[in-house]
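Chemist: fold the stuff below for me.
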Amino acid sequence: MKRKKTLSVSAALVVLVLVCLGIFSFGISDYNTKNNSEAHTEKIISHYIDVGQGDSEFIEFPDGKTMLIDAGTNKYGETVVDYVKNLGYSKIDYLVGTHPHADHIGGMADVVNAFEIGNIYMPKVGTNTKTFENLLDTIQSKDMIINTAKAGMNIVSSDENDYSADILAPIKDEYDDLNNYSVVIKITYGDSKFLYMGDAEKEIEDELIDSGADVKADVIKVGHHGSNTSSSSDFVKSVGADYAVFSVGKDNDYGHPHSQTVKRWKNIGAEIYRTDEQGTIIISSNGSDITASAA
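Modeler: Numbering: from 1, shown residues only. Down below sits the predicted model:
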């Protein structure tokens, strides 16, 4: 019996050494060391990061590529960086700044400095904010090029993995309100469709419907934090989402989301998710079935 116990202890020590060397993994996640090419999920996972009164969405594609749409205000830059790094990523393949307002692109300079960046997409606007100019300086200092986002552009598509990401707006070259320059993105994976509205308001919603754009989606990041200037009745019905996500700060000064806006989405049967009440929201799909939860 004594010899048997000694052998068991020795075997355990050998296994422990092998685990440390990485020969055996016992199913332990290697999240902290994976790179994008290794991160095959066979799902699309959309993270609606809680950045207070602002926007930031991080998308994991089924082949390991990634997209970040907005990065909240300046004070949330490190929050976004830490969130993405904790998922194990060192590269953002597609970076989108929807429009120049600080609650969307304030934290993006931190992102540019922290990650390897692939392609950058932003709208061309007539009026820049100081925050936007600082971001442009950061991008230029790294010799990166900005792609001007316009309706009809395809950001990425994969026939092998059955997904695509397309820009639906801005449609025109000029708008009176910076919100309406917002880059609107639709991501399709199999039968599942995700729509990201930035701060686009009713003017853009009407343009999208009138242009014949396919705005039908299962999941929508609601425009302009649920303001009463967005989510018109016609647009809500045209989208017909099952899940409506409001990226909004707790007890914010703007009264977002507006009660009537929330009611419109509820009236079509959409499940409501709010970052001010539930924190970061994660919605994933295997191409057919959609799962939503709070982080």
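
Chemist: and the nearest residue to Tyr243 once chain neighbours are set aside, how far is that from Val262?
Modeler: Spatial nearest neighbour of Tyr243, chain neighbours left out: Val219 (4.4 Å); criterion: C-beta to C-beta, 6 or more residues apart in numbering. In this view, the C-beta of every residue, glycine as well, is placed from N, C-alpha and C. Val219 sits 16 Å away from Val262, going by C-beta to C-beta, to the nearest Å.

Chemist: tell me which residue is most central in the protein.
Modeler: Residue closest to the average C-alpha location in the chain (C-alpha atoms, centre = their mean): Glu57, at 2.2 Å.

Chemist: sorry, back to before: so which of Val219 and Val262 has more stuff around it?
Modeler: Shown here are Val219 and Val262; by other C-beta atoms under 10 Å, Val219 has more neighbours (28 against 18).

Chemist: in the stretch 1-150 of the chain, which spans are strands?
Modeler: With DSSP state E, counting those that start in this stretch as the criterion, the stretch 1-150 of the chain has strands at 44-48, 57-60, 66-69, 91-96, 116-122, 146-148.

Chemist: what's next to the longest one, contact-wise?
Modeler: For strand 116-122, the surrounding residues in contact (C-beta atoms under 8 Å, 6 or more residues apart in numbering) are 90-98, 111, 139, 142, 144-149, 153, 155, 167, 183.

Chemist: if any of the residues you listed are buried, give me the ChimeraX selection for them.
Modeler: Entered in ChimeraX, the line below selects the buried ones among these, by 16 or more other C-beta atoms under 10 Å:
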select :92,93,94,95,96,97,98,111,139,146,149,155,167,183
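
Chemist: hey, which helix or strand in the chain has the poorest pLDDT?
Modeler: helix 2-21 (a mean of 38; mean pLDDT, DSSP states H and E).

Chemist: how's this protein carved up into domains?
Modeler: Annotated domains of the chain cover 1-30, 35-294 [automatic domain parsing].

Chemist: list the residues that contact the nearest residue to Asn179 once chain neighbours are set aside.
Modeler: Excluding its sequence neighbours, the residue lying closest to Asn179 (C-beta to C-beta, 6+ apart) is Asp199, at 3.9 Å. Applying C-beta under 8 Å, 6+ apart to Asp199 gives the contacts 55, 98-99, 101, 104, 178-180, 182, 223-225, 230.

Chemist: could you measure Asp199 against Val156, distance?
Modeler: 23 Å.

Chemist: just the element for the nearest residue to Asn267 once chain neighbours are set aside, please.
Modeler: For Asn267, the nearest residue in space outside its immediate sequence neighbours is Val236; the separation is 7.9 Å by C-beta to C-beta, 6+ apart. Using DSSP states H and E, Val236 sits in helix 233-239.

Chemist: quick check: buried residues in that helix?
Modeler: Phe235, Val236, Ser238, Val239.

Chemist: can you pull the pLDDT of the third one?
Modeler: Just to be clear, that refers to Ser238. Note for Ser238: predicted pLDDT of 98.

Chemist: pretty sure Ile272 sits in a strand.
Modeler: Yes - assignment of Ile272 by DSSP: H, G, I helix; E, B strand; the rest coil places it within a strand.

Chemist: tell me which element the residue nearest to it when sequence neighbours are not counted falls in.
Modeler: Spatially, and ignoring its direct neighbours in sequence, Ile272 is nearest to Ala244 (5.6 Å; C-beta to C-beta, 6+ apart). Under the criterion of DSSP H and E, Ala244 resides in strand 243-246.
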